[in-house]
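S.K.: Have a look at this prediction, sequence included:
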Amino acid sequence: MFGGSFNPIHNGHIQLAQAFVKKLCLDRVLIIPTYIPPHKQKDNSVTPNQKLEMCRLAFEEMPLFEVSNIEIRRKGASYTYLTLQELSEKYKGDELFLITGADMFLTIHEWKHPELIFSLATICGVPRNDEDIRSLQKQQEYLGTLGAKTEILDANMMTVSSTDIRSKVKNGEDISALVPRAVESYIKENGLYL
C-alpha cells in the first residue's frame, strides 16, 4: 500500500514505489489517494476524484500498480489503520507493506492506532538525503521496541514536492520533468492549481 495526498502525484512518488517493488519483490502495489488527509489542511482546489484520475494516468502503463479508491469511497478522514484493516480482510494470507516517505516514517508512532498499523503491515520508509538515513535508522530501532516490522530503502530518491509543483503551475513554470506527461496534460486541461 502506498497512500498519500498525491496532490499531484509526481515522478518522485513513482520512483519511490518502483524502488520498493524491486527491493521487496512486491507482486502488487496499491496506490491509494486520501480522501481527507488527517495531518494536512483540506485543499478544495482539487477534488478527490481528480487526484484519483491523476494517479490512474501516472500508473496506467505499469501493470504491477493498481490505483484504489478505497479511502475516497469511504469518505471522511483517511486513517491508515482503517485502510489496512480493510485490505487485510480483502487480501487474507498476503503480506502487507506500508510505503511511506521520510516524514511519515518518522511520525507513524503518533498516528491513530499505531499498534494496529504495526500488527497489519511492515512499515517502509525512504530517506530524502544522507542526513535522513540516520534519523530513519534511529526511528527504525524505536519502532522495533513498539513491535513494528520495518524496512528502510537505502537509495537516493528524486527530491520533488507536490507543494513546489502546485506553485510552479500557479506561476506558469514548466513541470514536465516533475510529473508524467499524462498528468501534466490533465492538470493543464482541467486548469488545476491556478
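M.R.: Yep, that arrived.

S.K.: And the strands in the protein?
M.R.: With strands called from DSSP state E, the chain shows them at 2-4, 29-33, 65-67, 97-99, 122-125, 150-152.

S.K.: what's in contact with the third one?
M.R.: Outside of strand 65-67, the residues that reach it under the criterion CB atoms under 8 Å, 6 or more residues apart in numbering are A17, R28, V29, L30, I31, I32, P33, L52, C55, R56, F59. Heads up, the C-betas are built off the backbone N, CA and C, glycines and all.

S.K.: Emit the ChimeraX select command for whichever of those are buried.
M.R.: Per 16 or more other CB atoms under 10 Å, the buried members of the contacts of strand 65-67 correspond to this ChimeraX selection:
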select :17,29,30,31,32,33,52,55,56,59
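
S.K.: Could you list the low-pLDDT ranges of the chain?
M.R.: Residue ranges of the chain with pLDDT under 70: 39-44.

S.K.: cutoff 90 now
M.R.: For the chain, applying pLDDT under 90 flags the ranges 36-45, 76-77, 101-103, 126-133, 154-160.

S.K.: hey, which helix is longest across it?
M.R.: In the chain, taking DSSP state H as the definition, the longest helix is helix 130-145.

S.K.: With distance to I187 added, can I get the strands of the chain in JSON lines?
M.R.: Output for those, formatted as JSON lines (distance: least, CB to CB, whole Å):
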{"stretch": "strand 2-4", "distance to I187": "17"}
{"stretch": "strand 29-33", "distance to I187": "15"}
{"stretch": "strand 65-67", "distance to I187": "17"}
{"stretch": "strand 97-99", "distance to I187": "24"}
{"stretch": "strand 122-125", "distance to I187": "28"}
{"stretch": "strand 150-152", "distance to I187": "32"}
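
S.K.: what's the closest non-adjacent residue to S135?
M.R.: If the residues on either side of it in the chain are set aside, S135 comes closest to L106, at 6.2 Å by CB to CB, 6 or more residues apart in numbering.

S.K.: ok so, going back, can you tell which of the strands of the chain is closest to E110?
M.R.: Smallest distance to E110 across the strands of the chain (CB to CB): 13.0 Å, for strand 122-125.

S.K.: Alright, I will stop here.
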